[in-house]
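**Q** Only the shape, not the letters, is given here:
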């Protein structure tokens, strides 16, 4: 690869990573300003929390809109429209007069941000196939792991020089920069856009049991990580007595484990195969979740619990990129819709199941332990049942699949041993 081609590839990956980061930055970037936001808007704690829920809902709904649109009209036009919507909504959030208005604007902001997530993943599938797809998804998983850690830190630094509206101004500026950079630097990667009814596409995708198996496995493991995120502050700080600083350190170490696993995955996937690494990730997540549950039931020392959480979160770095690559392997023609269903399942499962981890409040860690143990095991079982009849591993045949997801014709078998020559 020439230097110019390598430079274009690097810029392409950096832009996609920035698009994927919009979601986590939108969710977590303003968390340090929530108390001041509640005071300024005279909002209750429940209403303030709804601003987070609204953004999550927007990210889930927006993916179902963005995916089919990008399959029908190409990637660029829906992406630019989504980024424009995100930029405008973010700017309006900064001047929202009350909590109800802010909740509505956060929903719109999430919808706009979802376009970047879905179309970035679809562009990866447009440009690559086989193990290269898994490698690029590994790179995007690094962003998924790091952005939630650094977003509150960046928001806290902004609050040193501005009030909470300044965070939304910063997000609006970021959206505008991404809009300009995408317009200038992202080519159209959808080779042939054609109209097809949304229900027909979704029905076709969900009718593929192998695709559904990977989507469900990915969503269940993602929900287990969400359960850890929502339940661990109570378990580690209120029950085990960690300080906020100590908890932040634990959170950072676990995020580093996820990032390291994703990097290892990118290096090994060509030799080992995406499905093998996916199974390793599911086994690791199951082992980590089981260790957490055992530590809770036996009241084991804190290090045992921390080891279980580290293994659980790190394993997500193997599950997410390989599940996405395997799910989209045979659906390059509908990569946008396939990416939308993958992302939608993550937010739906995470939003529905993660709050159960806090059912024990600040006194009982058992709900979190049960959820992080059961969901990865269920993901492993689901994958085994729904994909057991697949013919070989998809990533071992990348040469038979073009960048648009259409299989190349097989060479005819020569007559000989075990064959009957034509009459």
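**A** Right, received. Where do you want to start? None of the values given here were measured: they were computed from a predicted structure. Numbers count the residues shown, from 1 in each chain.
**Q** wouldn't residue 45 be in contact with residue 38 here?
**A** Yes - under the criterion of C-beta atoms under 8 Å, residue 45 makes contact with residue 38 at 6.7 Å. Where you see a C-beta, it was placed from the backbone N, CA and C, and this is true even at glycine.
**Q** Which residue of those two possesses the greater neighbour count?
**A** residue 38 (18 against 10; other C-beta atoms under 10 Å).
**Q** any idea which helix or strand carries that one?
**A** Using DSSP states H and E, residue 38 sits within helix 34-41.
**Q** What is the next helix or strand after that helix packed up against?
**A** Note on helix 34-41: by DSSP H and E, the next helix or strand toward the C-terminus is helix 45-73. Contact here means 3 or more C-beta pairs under 8 Å, 6 or more residues apart in numbering; DSSP states H and E; on that basis helix 45-73 packs against helix 3-28, helix 34-41, helix 76-93, helix 99-127, helix 198-206, helix 335-353.
**Q** List the buried residues of helix 45-73.
**A** Neighbour counts over helix 45-73 (16 or more other C-beta atoms under 10 Å) mark 47-48, 50-73 as buried.
**Q** go on, stretch 372-383?
**A** Neighbour counts over stretch 372-383 (16+ other C-beta under 10 Å) mark 372, 373, 374, 375, 376, 377, 378, 379, 380, 382, 383 as buried.
**Q** same thing with stretch 101-109?
**A** 102, 103, 104, 105, 106, 107, 108, 109.
**Q** Need the residues that contact that stretch.
**A** 26, 37, 41, 47, 50-52, 54-55, 57-58, 85-86, 89-90, 92-93, 96, 171 (C-beta atoms under 8 Å, 6 or more residues apart in numbering).
**Q** rerun that using 7 Å as the cut-off
**A** Stretch 101-109 is contacted by residues 26, 41, 50-51, 54-55, 57-58, 85-86, 89-90, 92-93, 96 when judged by C-beta atoms under 7 Å, 6 or more residues apart in numbering.
**Q** So for those, which is the shakiest by pLDDT?
**A** The member of the contacts of stretch 101-109 with the lowest pLDDT is residue 50, at 84.
**Q** what's the distance between that one and residue 212?
**A** Going from residue 50 to residue 212 by C-beta to C-beta, to the nearest Å gives 32 Å.
**Q** Check residue 121 too.
**A** Distance from residue 121 to residue 212, by C-beta to C-beta: 17 Å.
**Q** Between these two, which has more neighbouring residues?
**A** Per other C-beta under 10 Å, whichever of residue 121 and residue 212 has more neighbours is residue 121, with 28 against 18.
**Q** Find me the pLDDT at the more buried one, would you?
**A** Predicted confidence (pLDDT) for residue 121: 88.
**Q** contacting residues for residue 170?
**A** By C-beta under 7 Å, 6+ apart, the residues touching residue 170 are residue 158.
**Q** One more: residue 110?
**A** With C-beta under 7 Å, 6+ apart, residue 110 has these contacts: 26, 54, 55, 56, 57, 58, 59, 62.
**Q** What's the local residue count around the closest residue to residue 85 other than its chain neighbours?
**A** Nearest non-adjacent residue to residue 85, counting by C-beta to C-beta, 6 or more residues apart in numbering: residue 112, 3.7 Å away. Neighbours of residue 112 under the rule other C-beta under 10 Å: 25.
**Q** any idea how far residue 112 lies from residue 127?
**A** From residue 112 to residue 127 the distance is 24 Å (C-beta to C-beta).
**Q** got it, and residue 68?
**A** 20 Å.
**Q** just checking, residue 161 is part of a helix?
**A** No - counting by DSSP: H, G, I helix; E, B strand; the rest coil, residue 161 falls outside a helix, being coil.
**Q** any idea how far it is from residue 169?
**A** To residue 169, residue 161 is 11 Å away according to C-beta to C-beta.
**Q** Then residue 114?
**A** 21 Å.
**Q** Compare the two (neighbour count), which wins?
**A** Taking other C-beta under 10 Å, residue 114 and residue 169 do not tie; residue 114 has more neighbours (30 against 16).
**Q** For the nearest residue to the more buried one once chain neighbours are set aside, list the residues it contacts.
**A** With C-beta to C-beta, 6+ apart as the criterion, residue 114 has its nearest non-adjacent residue at 2.7 Å, and that residue is residue 62. Residue 62 makes contacts with 110, 111, 112, 113, 114, 115, as judged by C-beta under 7 Å, 6+ apart.
**Q** between those, which is nearest residue 18?
**A** Nearest to residue 18 out of the contacts of residue 62 is residue 113 (C-beta to C-beta; 11.6 Å).
**Q** Now that closest one. Nearest residue, chain neighbours left out?
**A** Nearest non-adjacent residue to residue 113, counting by C-beta to C-beta, 6+ apart: residue 22, 4.4 Å away.
**Q** neighbours around the one you found, how many?
**A** The local packing of residue 22 (other C-beta under 10 Å) involves 29 other residues.
**Q** can you pull the contacts of it?
**A** Counting by C-beta under 7 Å, 6+ apart, residue 22 touches 86, 113, 116.
**Q** Kindly recompute the last result at 8 Å.
**A** By C-beta under 8 Å, 6+ apart, the contact list for residue 22 reads 86, 113, 116, 117, 174, 175, 178.
**Q** Tally up the residues packed near the fifth one, please.
**A** By that I understand residue 174. Neighbour count of residue 174, defined by other C-beta under 10 Å: 20.
**Q** What strand or helix carries it?
**A** helix 164-185.
**Q** Please look at residue 186 and residue 12 and confirm they touch.
**A** Yes - contact criterion C-beta under 8 Å: residue 186 and residue 12 qualify, at 7.2 Å.
**Q** Which of those two has more residues huddled nearby?
**A** Ranked by neighbour count (other C-beta under 10 Å), residue 186 and residue 12 place residue 186 first, with 21 against 18.
**Q** what about the nearest residue to the more buried one once chain neighbours are set aside, distance to residue 188?
**A** In space, residue 186 comes closest to residue 15 once its chain neighbours are excluded; the distance is 5.8 Å by C-beta to C-beta, 6+ apart. Noted for residue 15: a distance of 14 Å to residue 188, by C-beta to C-beta.
**Q** Over to residue 35?
**A** The spacing between residue 35 and residue 188, counted by C-beta to C-beta, is 44 Å.
**Q** With residue 260 instead?
**A** To residue 188, residue 260 is 35 Å away according to C-beta to C-beta.
**Q** shouldn't residue 259 be in contact with residue 148?
**A** No - between residue 259 and residue 148 there is no contact under C-beta under 8 Å: 11.6 Å.
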